[in-house]
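Colleague: here is the input, now give the coordinates:
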Amino acid sequence: MVLILLALACLKPTPPVEAGGGRPLLVVNVLDAASDAPAVDAPERFDGAVLDAVSRRKLVPVLLQSEGELAGVQGSRETGPRLLALAPAAAGAPLLLVETRPVYYSELNGQYRWTVGVVLTLQGAATPATRSFDVPVFLQYHHQREADAVDAAAPVVARKVGEVLDGWLGGGG
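Modeller: Predicted coordinates:
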C-alpha cells in the first residue's frame with residue numbers, strides 16, 4: 001500500500017496540449033448580470049486567467065473588447081445570437097466565447113455565497129464544443145458583487161477552458 005502511494009506521489013501532471021505555429025484564437029469574455037442590465041466585459045483578472053490558459057497551449061489569444069466588436073454580444077443574452085454577431089469579427093478564425101452569469105445565493109457562516117454559471121463555446125473546431133457548469137464561490141463582504149464573484153471563479157473557469165482547448169488541440173473536438 002505504501003509503495004502504491006509513493007508511486008502516485010511521483011506522478012507528474014499531464015502537460016497541456018500545445019498548438020504549433022502560434023495559431024490565433026479570438027477570446028470574448030462576457031459578464032451577464034442577474035438584472036436586466038446589458039452584458040459587460042468580464043473583469044481584468046478574469047480576462048488574465050482565461051488568456052493565460054490559452055497562452056499555455058501556444059495559441060495566440062486575441063481578446064475582443066471594443067464597443068464595435070461587442071455590440072451584438074451585449075444586445076443578447078443567448079449564445080446563438082452572440083456567435084452570429086461575432087462571426088464577422090472572427091472571419092473564420094477559431095473563437096472562444098466565455099459567458100458568465102453570477103447569481104447571489106445566500107449568506108452562509110458570515111460569507112456570501114454566489115453561484116457563477118458559465119457557458120464555454122469554442123467555435124471553429126470541426127464540431128463546436130460547448131461546456132456548461134456552475135462554480136460556487138464565497139465572498140467575504142456584502143458590498144462585493146457580480147464582478148467580484150466572477151473574479152473568484154476565474155481559476156476554475158481557466159482550468160475548464162484548458163480542458164476544452166486540450167480536447168480541441170488533441171483532435172477530440
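Colleague: please count neighbours and contacts with C-alpha atoms only from this point.
Modeller: Will do.
Colleague: low-confidence ranges, the chain, go.
Modeller: Per-residue confidence for the chain (pLDDT under 70) gives these ranges: 1-21, 35-41, 66-76, 125-127, 172-173.
Colleague: what ranges do the helices span in it?
Modeller: 2-9, 44-55, 67-74, 79-90, 146-169 (DSSP state H).
Colleague: hey, what's the residue nearest in space to the middle of the chain bridged with?
Modeller: Note on the chain: the residue nearest the mean C-alpha position is V98, at 4.3 Å, using Cα atoms, centre = their mean. Note on V98: beta-bridge partners by DSSP bridges are N29, L120.
Colleague: ok, it touching L120?
Modeller: Yes. At 4.8 Å, V98 counts as touching L120 under the criterion of Cα atoms under 8 Å.
Colleague: how about the contacts made by A87?
Modeller: Contact analysis of A87 by Cα atoms under 8 Å, 6 or more residues apart in numbering lists nothing.
Colleague: with distance to V30 as added columns, please give the helices of the chain in TSV.
Modeller: Listed next are those as TSV, based on distance: least, Cα to Cα, whole Å:
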stretch	distance to V30
helix 2-9	39
helix 44-55	10
helix 67-74	8
helix 79-90	10
helix 146-169	10
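Colleague: which one of those lies nearest to Q111?
Modeller: Nearest of these to Q111, taken as Cα to Cα: helix 146-169 at 12.2 Å.
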